[in-house]
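Engineer: my questions are about this predicted structure, shown below with the sequence.
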There are 2 protein chains.
Amino acid sequence: MTQESSQVAPRYLTGDKAGLQEFLAKFDVFLFDCDGVLWSGDHLFPGTVETLELLRNNGKQVVFVTNNSTKSRADYRKKLEGLGIPSTVEEIFSSSYSSSIYISRILQLPENKRKVYVIGESGIEQELRSENVPFIGGTDPAYRRDVTPADYKKIAAGDESIIDPEVGVVLVGLDFHMNYLKIALAYHYIKRGAVFLATNIDSTLPNSGTLFPGAGSMSAPLIMMLNKEPVALGKPSQAMMDSIEGKFKFDRSRACMVGDRANTDIRFGLEGKLGGTLGVLTGVSSKEDFVSGDVRPHAYLDKLSDLLDLE
Amino acid sequence: MTQESSQVAPRYLTGDKAGLQEFLAKFDVFLFDCDGVLWSGDHLFPGTVETLELLRNNGKQVVFVTNNSTKSRADYRKKLEGLGIPSTVEEIFSSSYSSSIYISRILQLPENKRKVYVIGESGIEQELRSENVPFIGGTDPAYRRDVTPADYKKIAAGDESIIDPEVGVVLVGLDFHMNYLKIALAYHYIKRGAVFLATNIDSTLPNSGTLFPGAGSMSAPLIMMLNKEPVALGKPSQAMMDSIEGKFKFDRSRACMVGDRANTDIRFGLEGKLGGTLGVLTGVSSKEDFVSGDVRPHAYLDKLSDLLDLE
């Protein structure tokens, strides 16, 4: 799949003015992973704003691509704004949005099976609403409680007071309020035939310089119980690339994916057959990963703002 | 490991008086899986009490072996009593007990790393107390809450108000109150060097004629985040067989494991090199599983009470 790219050593562009000019001239669109590229946690990297400005001033389209499913695009725009990065909702692609698009426009659900049972936070709910997809679960306090003996019996019997017969999809994202009842319900909906989707399957979530449970950790019990993997809509799933392309109608050969993780961001760009992939060393992957790992970008930089050397 | 047994067709003993006599004469000790063998959920199978009585009257030692980690041995004895089955605490081996024995007698923990961080219910706590093992977590209400922004920072910093430096073991069992904070803490303790143990790794738990998340579902997010399997103490782990033998000092060649699941109960007996394994068809595995599956018992019965045909 990525044989060609993964066998060629990536070009190191930091300080290479001619190389940078040449690289940038190839692309009209830049897809950015955010955390680890533009900022880390709440810390904006110096030069991020100026670099994005430089690209825009040179007529490049900028798209922010995030696997963060807890935020809607509007929430994410606020986050960017809070960090001092100008953006529009239209420039943002989150896994919650990608999931909603997939459910509303790609899945062909029967008339009476259009409801989504959500494990996740309000970002998913907002994006489902924006696509007019009916849902239950999510942040509804009725699901934030202990399981009771009556629940077991009702779930087993498919009692409609707890099992909604119109649920045709289970969508699992990061849920800070995950509990036994939510997992039990998701399991039973899938056993009854619902499609098993995950916003993304990142097992961990960076925070405060370390790692916490990610969206993939919410799917993990279900994967083990069902012996079945979900369809994942975030990077590196090509379902996400397809929806980005569906929206921006860009020429893939003139697009470049920028990211810090070889096995998600760079793989996402390579499998999507984008014209370019650019790694940065301010996040998860190391120089060694980029230079001699299984998944190698076309080029890499010490940090994103090294692009400013163009000028 | 079980090549010999797994390639021979098991003997079908229902209605075969001579076969039953011959089979039973070989053993002094019978290890019983419970749910699916003696009862199902809250329904006691007819003839269970009489069959156990028959075995005891014939001088056989009876041991109840359960992966249920939510109950202590004392709780389990009450459950047996409630179903009309006479027993003593000494006859019961639960995965919570097996885990406590493993921690107190087998793990060699440094002096300042003897505390256990528990994900699980009171059964585990009772058994840890019975072995004088200090622990935190478990049913403590302080852990039954949402994660807060302050938690991330404190956990990342290893702040002793939330990360106990004496924790040297993480023990994960079935926890009906599992939540994001508990998983995050378990992850960080293991990353800091704690031993990763699971009472058992059954992905599901039978209830009300269907399945719900089991103890393995509590370990699943951690396995995914850490890319590491726990040491599991329940069936079919031989750590459980070793502690049963440690207590009863029986001759393995004169012991028989009775169970309804080929891949846990029967495997447990075969890998433990017991003299016999007896499958029953009142639970999970089917006749086909026993006759032509990968893991085959030495003999099988339609139901346990078919042993009464002896008389």
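Structural biologist: Received, thanks. Because the structure is predicted, anything quoted here is derived from the model rather than measured. Numbers count the residues shown, from 1 in each chain, chains lettered A, B, ... in the order given.
Engineer: show me which residues of the stretch 151-300 of chain A are close to chain B?
Structural biologist: Selection of the stretch 151-300 of chain A residues close to chain B by CB under 8 Å from any CB of the partner chain yields A:152-153, A:155-157, A:175-180, A:183-184, A:187-188, A:203-204, A:207-214, A:216-218, A:220-221, A:223-225. C-beta here means a position set from N, CA and C on the backbone, and glycine is covered the same way.
Engineer: A:Val284 contacts A:Arg261, correct?
Structural biologist: Yes: between A:Val284 and A:Arg261 there is a contact under CB atoms under 8 Å: 4.7 Å.
Engineer: what do those two both touch?
Structural biologist: Among the neighbours of A:Val284, those also in contact with A:Arg261 (CB atoms under 8 Å, 6 or more residues apart in numbering or on different chains) are A:Gly36.
Engineer: more neighbours: which of those two?
Structural biologist: Neighbour totals were compared for A:Val284 and A:Arg261, and A:Arg261 leads with 23 against 19 (other CB atoms under 10 Å in any protein chain shown).
Engineer: in the stretch 1-150 of chain A, which residue sits closest to chain B?
Structural biologist: A:Val147 (5.7 Å; CB to the nearest CB).
Engineer: count the neighbours of that residue for me.
Structural biologist: 20.
Engineer: so who does A:Ala157 touch?
Structural biologist: Neighbouring residues of A:Ala157 by CB under 8 Å, 6+ apart: B:Ser208.
Engineer: give me the distance between it and B:Gly209.
Structural biologist: According to CB to CB, to the nearest Å, A:Ala157 and B:Gly209 sit 9 Å apart.
Engineer: kindly report the same for A:Val167.
Structural biologist: For A:Val167, the distance to B:Gly209 equals 21 Å [CB to CB].
Engineer: same check, this time on A:Pro46
Structural biologist: Distance, A:Pro46 to B:Gly209, by CB to CB: 61 Å.
Engineer: correct me, but A:Ser94 touches A:Asn68?
Structural biologist: Yes: using CB under 8 Å, A:Ser94 is in contact with A:Asn68, at 6.0 Å.
Engineer: neighbour-wise, which of these two wins?
Structural biologist: A:Ser94 (32 against 24).
Engineer: bridged to that one, which residues?
Structural biologist: Judged by DSSP bridges, the bridge partners of A:Ser94 are A:Thr66.
Engineer: residues in contact with it?
Structural biologist: Contacts of A:Ser94 (CB under 8 Å, 6+ apart): A:66-69, A:71-73, A:76, A:123, A:127.
Engineer: give the rounded mean pLDDT of stretch A:150-162.
Structural biologist: Averaging pLDDT along stretch A:150-162 gives 96.
Engineer: give the buried residues for it.
Structural biologist: Across stretch A:150-162, burial judged by 16 or more other CB atoms under 10 Å in any protein chain shown covers A:151-152, A:154-156, A:162.
Engineer: cool, and stretch A:224-232?
Structural biologist: Neighbour counts over stretch A:224-232 (16+ other CB under 10 Å) mark A:224-226, A:230, A:232 as buried.
Engineer: test my guess that A:Pro10 contacts A:Arg296.
Structural biologist: Yes: the pair formed by A:Pro10 and A:Arg296 meets the contact definition of CB under 8 Å, at 5.2 Å.
Engineer: now for the two: what residues contact both?
Structural biologist: With CB under 8 Å, 6+ apart as the test, A:Pro10 and A:Arg296 both reach A:Phe290.
Engineer: picking up where we left off before, please identify which of the buried residues of stretch A:224-232 is nearest to A:Leu301.
Structural biologist: A:Ala232 (28.1 Å; CB to CB).
Engineer: against A:Val172, how distant is that closest one?
Structural biologist: 9 Å.
Engineer: does the residue in the stretch 51-200 of chain A that chain B sits nearest to count as helix, strand or coil?
Structural biologist: Per CB to the nearest CB, A:Ala156 is where the stretch 51-200 of chain A lies closest to chain B, at 3.8 Å. On the three-state scheme (DSSP: H, G, I helix; E, B strand; the rest coil), A:Ala156 is labelled helix.
Engineer: before we move on, what about A:Lys153?
Structural biologist: Assignment for A:Lys153 (three-state DSSP): helix.
Engineer: now it. Nearest residue, chain neighbours left out?
Structural biologist: Sequence neighbours aside, B:Ser208 is the residue nearest to A:Lys153 in space, at 5.1 Å (criterion: CB to CB, 6 or more residues apart in numbering or on different chains).
Engineer: which regions of chain A sit below the pLDDT cut-off?
Structural biologist: Along chain A, segments meeting pLDDT under 70 span A:1-7, A:311.
Engineer: tell me, what residue is most central in it?
Structural biologist: Nearest to the mean C-alpha position of chain A, by CA atoms, centre = their mean, lies A:Asn67 at 2.0 Å.
Engineer: just list the residues touching it, thanks.
Structural biologist: With contact taken as CB under 8 Å, 6+ apart, A:Asn67 is in contact with A:94-95, A:199-200, A:202, A:215, A:234-235, A:264.
Engineer: so which of those residues are in helices?
Structural biologist: A:95, A:215 (DSSP state H).
Engineer: identify the farthest-apart pair in the contacts of A:Asn67.
Structural biologist: Among those, A:Ser94 and A:Thr264 lie farthest apart (CB to CB), at 14.4 Å.
Engineer: which residues touch A:Glu81?
Structural biologist: By CB under 8 Å, 6+ apart, the neighbours of A:Glu81 are A:Ser87.
Engineer: mind telling me what element it is part of?
Structural biologist: For A:Glu81, the host element (DSSP states H and E) is helix A:73-82.
Engineer: quick one: distance of that helix to the chain centre.
Structural biologist: 15 Å (CA atoms, centre = their mean, to the nearest Å).
Engineer: what ranges does the stretch 51-200 of chain A have for its strands?
Structural biologist: Using DSSP state E, counting those that start in this stretch, the strands of the stretch 51-200 of chain A run over residues A:61-66, A:92-94, A:115-119, A:135-137, A:167-172, A:195-198.
Engineer: could you export the ones you listed as a markdown table, including distance to B:Asp28?
Structural biologist: Formatted as a markdown table, these follow (distance: least, CB to CB, whole Å):
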| stretch | distance to B:Asp28 |
| --- | --- |
| strand A:61-66 | 64 |
| strand A:92-94 | 64 |
| strand A:115-119 | 50 |
| strand A:135-137 | 53 |
| strand A:167-172 | 50 |
| strand A:195-198 | 48 |
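Engineer: just checking, A:Leu304 touches A:Phe45?
Structural biologist: Yes: proximity of A:Leu304 to A:Phe45 meets the contact threshold set by CB under 8 Å, at 6.7 Å.
Engineer: tell me how far the closest residue in space to A:Arg11 that isn't next to it in sequence lies from chain B.
Structural biologist: Excluding the flanking residues, the one nearest A:Arg11 by CB to CB, 6+ apart is A:Ala299, at 4.4 Å. Going from A:Ala299 to chain B by CB to the nearest CB, to the nearest Å gives 29 Å.
Engineer: hang on, the earlier thing: looks like the residue of the stretch 51-200 of chain A closest to chain B contacts B:Leu211 (just checking).
Structural biologist: No: assessed by CB under 8 Å, A:Ala156 is found out of contact with B:Leu211, at 9.2 Å.
Engineer: between A:Val167 and B:Gly209, point out the one with more neighbours.
Structural biologist: Under the criterion of other CB under 10 Å, the comparison of A:Val167 against B:Gly209 puts A:Val167 first, with 25 against 12.
Engineer: residue contacts, the more buried one?
Structural biologist: Shown in contact with A:Val167 (CB under 8 Å, 6+ apart): A:113, A:115-117, A:136, A:189, A:192, A:194.
Engineer: apply 6 Å and report the result again.
Structural biologist: Contacts of A:Val167 were listed using CB atoms under 6 Å, 6 or more residues apart in numbering or on different chains, and they are A:115, A:117, A:189, A:194.
Engineer: bridging residues for it?
Structural biologist: Beta-bridge partners of A:Val167, as defined by DSSP bridges: A:Lys115.
Engineer: domain assignment for chain A?
Structural biologist: A:11-67+A:236-308, A:110-232 (the TED database).
Engineer: can you add distance to B:Gly36 and give those back as TSV?
Structural biologist: Conversion of those to TSV gives the following (distance: least, CB to CB, whole Å):
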stretch	distance to B:Gly36
domain A:11-67+A:236-308	39
domain A:110-232	16
